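Enquirer: next input, structure requested:
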Amino acid sequence: MEFKTKIKSRGVFDPNSTEPYKLSRSGIDLFVECPRCFYLDRRLGVGRPSGPAFTLNIAVDTLLKAEFDARRAAGEPHPLMTAYGLDAVPFPHPDLDKWRHNFTGVQFLHPTTNLFIFGAVDDVWVTPEKELIVVDYKATSKAGEVELTDAKWHQAYRRQMEVYQWLLRNNGFQVSDTGYFVYCNGKKDRLAFDAKLEFDIKLIPYTGNSDWIEPVVAEIKECLLSDEVPDPDPACEFCQYRYSADRVVNGNGK
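Expert: Just a heads-up that it's a prediction; the model follows:
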């Protein structure tokens, strides 16, 4: 069987270009996870293998957005906000659809690096003091209460919210340090499926700190400009896979 080298051209950084380079929130997170995987993807055009789409999570997101949008149109709080004593309403803004779209999102041209940074938020709420609250929808199905832990994906959730807060601040908005995860936990203790899945919904506050973003953005630009591929990260499962496969195929390991 013959394989062709699969190298993408779209989204690859050109060190000779003077045009702003588009960098998504997920791109920043990829760099934080593994600079080598980031470089292979954004500089050399070889991305990580893609996983399956989380279609059930997408369905939950879509329905939550519709639910909160109905309250947004009415200018009133959602019952979940009232239940948690949160004095806010869904934020009405003409650019909200743009902010939510994966390929536009909330945008900011970082002046010192010429990186055009963007990220798509799930929702934004606003207090009577006109302070914005970043909201992210999450869905899972696990026993017991959902909470933020030190798990790798929960650390990514925290960074995700902090980038959204940073982007909105750089667009001139007053943004609360505290954002919220609307966390939906699918119940598995029902007697039957009956063509429906029920959820417990919990509002989890998180106080973000975006101080890490500016230094990381500078490191990203330095990485993109370099002609040297970063070293493999021992904690990266993709780097470990590539290393192990190479060792076995070339007879250097078992």
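
Enquirer: need the three-state assignment for the residue most central in space within the chain.
Expert: Nearest to the geometric centre of the chain sits Q160, at 4.4 Å (CA atoms, centre = their mean). Put simply, Q160 is helix when judged by DSSP: H, G, I helix; E, B strand; the rest coil.

Enquirer: distance of it from D87?
Expert: The gap separating Q160 from D87 is 25 Å, by CB to CB, to the nearest Å. Using the backbone N, CA and C atoms, a C-beta is placed for each residue, glycine as well.

Enquirer: how about P49?
Expert: Distance from P49 to D87, counting by CB to CB: 45 Å.

Enquirer: please say which of these two ends up with more neighbours.
Expert: D87 (10 against 6; other CB atoms under 10 Å).

Enquirer: would you agree the more buried one is in contact with T127?
Expert: Yes - counting by CB atoms under 8 Å, D87 does reach T127; the two are 6.1 Å apart.

Enquirer: which ones are touching the closest residue to E76 other than its chain neighbours?
Expert: Setting aside the residues directly before and after it, E76 is nearest to V89 in space (CB to CB, 6 or more residues apart in numbering), at 6.2 Å. Contact analysis of V89 by CB atoms under 8 Å, 6 or more residues apart in numbering lists R71, R72, G75, E76, P77, M81, W125, V126.

Enquirer: hmm, which of those residues are the buried ones?
Expert: Neighbour counting by 16 or more other CB atoms under 10 Å classes R71, R72, P77, M81, W125, V126 among the contacts of V89 as buried.

Enquirer: returning to what we had before: among the contacts of V89, which one sits closest to F199?
Expert: Nearest to F199 out of those is M81 (CB to CB; 17.0 Å).

Enquirer: surely the closest one forms part of a strand?
Expert: No - M81 is assigned helix when assessed by three-state DSSP, not a strand.

Enquirer: which positions in the helix or strand hosting I204 come out as buried?
Expert: If you go by DSSP states H and E, I204 is part of strand 199-207. Going by neighbour count (16+ other CB under 10 Å), the buried part of strand 199-207 is I201, K202, L203, I204, Y206.

Enquirer: in CSV: those, plus pLDDT and distance to V216.
Expert: Output for the buried residues of strand 199-207, formatted as CSV (pLDDT from 0 to 100; distance: CB to CB, whole Å):
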residue, pLDDT, distance to V216
I201, 92, 32
K202, 93, 30
L203, 95, 29
I204, 95, 24
Y206, 96, 19
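
Enquirer: would you agree S141 is in contact with K188?
Expert: Yes - using CB under 8 Å, S141 is in contact with K188, at 6.0 Å.

Enquirer: in the stretch 101-250 of the chain, which spans are helices?
Expert: Assigned by DSSP state H, counting those that start in this stretch, the helices in the stretch 101-250 of the chain fall at 152-169, 213-225, 237-249.

Enquirer: out of the ones you listed, which is closest to R36?
Expert: Closest among the helices of the stretch 101-250 of the chain, once you apply CB to CB, is helix 237-249, at 5.9 Å.

Enquirer: which strands or helices does the worst-scoring helix or strand of the chain on mean pLDDT pack on?
Expert: One helix or strand of the chain scores below all others by mean pLDDT, DSSP states H and E: helix 237-249, with a mean of 89. Under the contact definition 3 or more CB pairs under 8 Å, 6 or more residues apart in numbering; DSSP states H and E, helix 237-249 sits against helix 35-42.
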